[in-house]
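**Student:** Fold the following, please.
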Amino acid sequence: MTSQRSFKSRVRARMVRTGESYTTARRPLLTRATAAPTPAPTVDAGRGQQDRISAALLRERTGRDWDEWFVRLDAWGAAGRTHTEIARWLATEHEVPGWWAQTVTVGYEQARGLRAPGQRRGGGFEATGSRTVAVPVAVLFAAFADEAVRRRWLPDVAVRVRTATAPKSFRADWAGGPSRIVAGFTPVSESKARVAVQHEKLTGAEEADRLKAYWRDRLAALKQLLEQPEATR
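**Tutor:** As a prediction, this is how the structure comes out:
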């Protein structure tokens, strides 16, 4: 499986670099794969993971389709486990990469009635969105962290920055609260990067649906701004 081979290659590269055993070198890479602040995978309000991601694609990326994962998770007793426990089990026991471990976990929780689409496991609601932009990851991060640039694609919103860790993550209170946003940034190549936004602490499915559409529009505006040759870098 391509994703597993890639992960194992990173482990072996660390072994060569540090002289560690395979098990020792593997542990910190798995920790980084499942740790915060990377936002959870995109979950459309009113639309579940199984609608978004086909069984064929899931099998290609993780080695099993939805039904096969559900059988294994049921046998393990996942319905009685926390979200973090399920994602960690998938990553450590089955070497599912971090994003896909989160995807399978959310899909399982939705299928077993542990959360509705757009709803967090604890009962709250959120809206998420993502976009790949043809700029280096540092430029994409600055579009959030730099207030002057941020106002060009996210106008008329009061954003109070909580933390900004270049070029990985950005957290801020939204419009005076109580909701907030968490953005994670991932380099795709030297000239392309991806941002994933998670809008948390929403009042319900209706607000989540509205903000899902809002972030789809705003991230499209961000992409257009940054990919213009004359855009401020």
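**Student:** Could I get the average pLDDT for the helix or strand where Arg151 lies?
**Tutor:** Assigned by DSSP states H and E, Arg151 falls within helix 147-153. Confidence over helix 147-153 (mean pLDDT, whole number) is 96.
**Student:** Check stretch 72-88 too.
**Tutor:** 91.
**Student:** Point out where the chain drops to low pLDDT.
**Tutor:** For the chain, applying pLDDT under 70 flags the ranges 1-7, 9-10, 13-19, 26-47, 116-123, 229-233.
**Student:** what about 80?
**Tutor:** 1-49, 52, 114-124, 229-233 (pLDDT under 80).
**Student:** what ranges do the strands span in it?
**Tutor:** All strands of the chain, identified by DSSP state E, fall at 125-133, 159-165, 169-174, 180-189, 192-202.
**Student:** Remind me what the shortest one packs against, helices and strands.
**Tutor:** The one in question is strand 169-174. Using 3 or more C-beta pairs under 8 Å, 6 or more residues apart in numbering; DSSP states H and E as the contact definition, the elements that strand 169-174 packs against are helix 137-145, strand 159-165, strand 180-189. Just so you know, the C-beta spots here come from the backbone N, C-alpha and C atoms, and that holds for glycine as well.
**Student:** Buried residues, the helix holding Arg151. List them.
**Tutor:** Val149, Arg150, Trp153 (16 or more other C-beta atoms under 10 Å).
**Student:** just to revisit the earlier point, rebuild the helices and strands packed on strand 169-174 as a markdown table, extending it with distance to Gln224 and mean neighbour count.
**Tutor:** A markdown table is the format used below for these (distance: least, C-beta to C-beta, whole Å; neighbours: other C-beta atoms under 10 Å):
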| stretch | distance to Gln224 | mean neighbour count |
| --- | --- | --- |
| helix 137-145 | 12 | 21 |
| strand 159-165 | 20 | 13 |
| strand 180-189 | 18 | 19 |
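**Student:** Can you lay out these as JSON lines showing distance to Glu206?
**Tutor:** Compiled in JSON lines, those are given as follows (distance: least, C-beta to C-beta, whole Å):
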{"stretch": "helix 137-145", "distance to Glu206": "26"}
{"stretch": "strand 159-165", "distance to Glu206": "23"}
{"stretch": "strand 180-189", "distance to Glu206": "19"}
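**Student:** wait, which of those is closest to Lys223?
**Tutor:** helix 137-145 (9.5 Å; C-beta to C-beta).
**Student:** longest helix in this structure, by residue count?
**Tutor:** helix 205-226 (DSSP state H).
**Student:** could you dump that helix to PDB, C-alpha only?
**Tutor:** What follows is helix 205-226, C-alpha atoms only, in PDB (Å, rounded to 0.1, in the frame of the first residue of the first chain):
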ATOM      1  CA  ALA A 205     -26.400  21.900  12.300                       C
ATOM      2  CA  GLU A 206     -27.900  24.900  10.600                       C
ATOM      3  CA  GLU A 207     -25.000  27.200  11.600                       C
ATOM      4  CA  ALA A 208     -22.500  24.500  10.600                       C
ATOM      5  CA  ASP A 209     -24.100  24.200   7.200                       C
ATOM      6  CA  ARG A 210     -24.000  28.000   6.700                       C
ATOM      7  CA  LEU A 211     -20.400  28.300   7.800                       C
ATOM      8  CA  LYS A 212     -19.400  25.300   5.600                       C
ATOM      9  CA  ALA A 213     -20.600  27.300   2.600                       C
ATOM     10  CA  TYR A 214     -19.000  30.400   3.900                       C
ATOM     11  CA  TRP A 215     -15.600  28.800   4.200                       C
ATOM     12  CA  ARG A 216     -15.900  27.200   0.800                       C
ATOM     13  CA  ASP A 217     -16.400  30.700  -0.600                       C
ATOM     14  CA  ARG A 218     -13.700  32.400   1.500                       C
ATOM     15  CA  LEU A 219     -11.000  29.700   0.700                       C
ATOM     16  CA  ALA A 220     -11.800  30.100  -3.000                       C
ATOM     17  CA  ALA A 221     -11.200  33.900  -2.600                       C
ATOM     18  CA  LEU A 222      -8.000  33.200  -0.700                       C
ATOM     19  CA  LYS A 223      -6.700  30.900  -3.500                       C
ATOM     20  CA  GLN A 224      -7.600  33.500  -6.100                       C
ATOM     21  CA  LEU A 225      -5.800  36.200  -4.200                       C
ATOM     22  CA  LEU A 226      -2.600  34.300  -3.600                       C
END
